[in-house]
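Undergrad: Quick one, what's the 3D model for this:
(one chain, ligands or ions: 1)
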Amino acid sequence: MEQRSTSIPPHVLVFPFPVQSHVNVMLNLAEIFSISGFQVTFLIPDHIQTGPRFDQISSRFARYPALYFQAISDGLPLDHPRTGDRVKELFDSINVTTKPQFRHVLKSRAQISSNGNGRAPLTCIIADGIMSFTIDIAKDFGLRTILFRPFSATCFWTLFCVPKLIQAGELPLKEDSDMDKLVENILGMERVLRVRDLPSFCRVEDASDPQLQHVVSETHRATCAHGLILNTLEDLEEPALARIRANFPKLYVIGPLHGYFRPLRSPNSLSEEGRSCIEWLDDQPLKSVVFVSFGNMTVLKSQQLVEFWHGLVNSGKPFLWVVPANLTAGCRIPTEFIDGSGKRGKVVDWAPQEEVLSHPATGGFLTHGGWNSTLESIYEGVPMICWPFYADQQVNSRLVEEVWRIGVDMKDICDRKTVEKAVRELMEVRREELLKSSKEMARLARTSIGQGGSSYVNLDCLIKDIKHMSYAKST
Ligand SMILES: O=c1ccn([C@@H]2O[C@H](COP(=O)(O)OP(=O)(O)O[C@H]3O[C@H](CO)[C@@H](O)[C@H](O)[C@H]3O)[C@@H](O)[C@H]2O)c(=O)[nH]1
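TA: Modelled structure (predicted):
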């Protein structure tokens, strides 16, 4: 990427929603800003700053002296699991604790800047789109906010259409709702999304459900921001993006963000746990391994864990499975399972996912369909089995199977026979077809962030717009 500099460097404050995956993706954005010569203040959640992997983050950013981490609390205990089933606690706590802290950060920054501290005054705020309170607080300090929404564009657009679905009687659900019926009132997606593919927040029988109302109103509030950034690419989600653009004139479609750094990271930067995964993969045949990971916010019931386990073992394929403590809400995998899988399965607490997906031994990805995992798999051309848990994952898994045709959607079903069948389809029965379409998707993703590609050009516009804001403020 080109090194850019100006005499008045813009200074952006990057503020992620306080969960690991949102922080990861906004760190990529912060790194792009740093490479572009910006000063960056990154509000890092205290539970991540004090967590086991912050060392890796700080050594990655040591080369950018103009990037400064400032801790912020979400008000929950440091060891709270922050899983999808408990996200309401996070929303509530952010409202009470983080909102006033954010105001305080801006106030103290404004005072320091006016006294001169070697850092430029803030140019703008780049905040996670689920924290739209940033828009009004930033305005009080004469600052603009650009929101960053790390969901798929299709999920964002679906949430935007929810009031229309309610008006048309397609939502809320009824006890006898036909989950396989196509949803009619999401423009551009009429032939794609069924009721069961709507974001999990929509699975309610009361339209005033607080969580549904919250995510929908946050989505609409984004129209009050200066701009909206989406981590996707035109070729992947053109129908949704066309509709979003009609409502958001300043839309920056700049993904897949992790891709800008993929060829640059050295394998030597891996931690010991990361290296052990790669060494295990090194001993496996080409494209033979199923990588299994459900992200950072999924919770499995113990029976679901058992079903996945038997399905994987019965499929006869080698697998590498990430089982973090919060996945099983405390219930650990029985040791006889581990012994029973012999050398064929490896279970770890954490894996360097991007490196695992790019490893020649990896042949498939059993995932929850979180948006980062989906983009990472697409980028590496690895076909997927999706078992969506919550949020945007129901939408993403439908796109994987029905629109892009790069995998299998298990949607709502989790038994050993279904798991085994899905693995066999992915690794044997539909192997060639799925590999072919995955390879094409990877090509599109890589082209979009290469010089002259649609995301590359959009990113350049974003950087120029922020520079322009900085210039306008200083004159
Ligand atoms: O052992 C692991 C586990 C995860 N990851 C990384 O963690 C991220 C996981 O992100 P994602 O796939 O998006 O899953 P979640 O952690 O579940 O992310 C939440 O946030 C996403 C972005 O908003 C949503 O799409 C998801 O539905 C929501 O659950 C990815 O970058 C992975 O590479 C690792 O590197 N190693």
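
Undergrad: Only C-alpha atoms from now on, for both contacts and neighbour counts.
TA: Fine.

Undergrad: Which residues are in contact with Leu27?
TA: For Leu27, the contact set (Cα atoms under 8 Å, 6 or more residues apart in numbering) is empty.

Undergrad: Show me where the stretch 101-250 of the chain has its helices.
TA: Along the stretch 101-250 of the chain, the stretches classed as helices by DSSP state H, counting those that start in this stretch are 133-140, 153-167, 210-221, 234-247.

Undergrad: Buried deepest among these, which one?
TA: helix 153-167 (a mean of 21; mean count of other Cα atoms under 10 Å).

Undergrad: pLDDT below threshold where in this protein?
TA: Scanning the chain for pLDDT under 70 picks out the ranges 1-7, 112-117, 264-267, 330-343.

Undergrad: rewinding a little: please render the helices of the stretch 101-250 of the chain as TSV that adds distance to the ligand to the earlier fields.
TA: Converted to TSV, the helices of the stretch 101-250 of the chain look like this (distance: least, Cα to the nearest ligand atom, whole Å):
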stretch	distance to the ligand
helix 133-140	18
helix 153-167	9
helix 210-221	12
helix 234-247	15
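
Undergrad: will you turn those into CSV that also has distance to Ser58?
TA: Output for the helices of the stretch 101-250 of the chain, formatted as CSV (distance: least, Cα to Cα, whole Å):
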stretch, distance to Ser58
helix 133-140, 26
helix 153-167, 31
helix 210-221, 31
helix 234-247, 33
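
Undergrad: ends of stretch 315-329, how far apart?
TA: Terminal residues of stretch 315-329 lie 26 Å apart, using Cα to Cα, to the nearest Å.

Undergrad: next one: stretch 424-440
TA: Start and end residues of stretch 424-440 are separated by 22 Å (Cα to Cα).

Undergrad: Check stretch 402-421 too.
TA: Using Cα to Cα, the end-to-end distance of stretch 402-421 comes out at 18 Å.

Undergrad: quick one: buried residues of that stretch?
TA: Buried residues in stretch 402-421, counted by 16 or more other Cα atoms under 10 Å: 404-411, 414-417, 419-421.

Undergrad: Keep only those of those residues that are in strands.
TA: Counted as lying in strands by DSSP state E, out of the buried residues of stretch 402-421, are Gly407, Val408, Asp409.

Undergrad: is it true that the last one touches Ile385?
TA: Yes: A contact is recorded between Asp409 and Ile385 when judged using Cα atoms under 8 Å, the distance being 5.9 Å.

Undergrad: got the residues of the stretch 201-350 of the chain near the ligand?
TA: The stretch 201-350 of the chain has residues Gly295, Asn296, Met297, Val322, Trp350 near the ligand, with proximity defined as Cα under 6 Å from any ligand atom.

Undergrad: Tabulate the ones in strands among the buried residues of stretch 402-421 in a markdown table, adding columns for distance to Pro239.
TA: Below are these laid out as a markdown table (distance: Cα to Cα, whole Å):
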| residue | distance to Pro239 |
| --- | --- |
| Gly407 | 20 |
| Val408 | 22 |
| Asp409 | 21 |
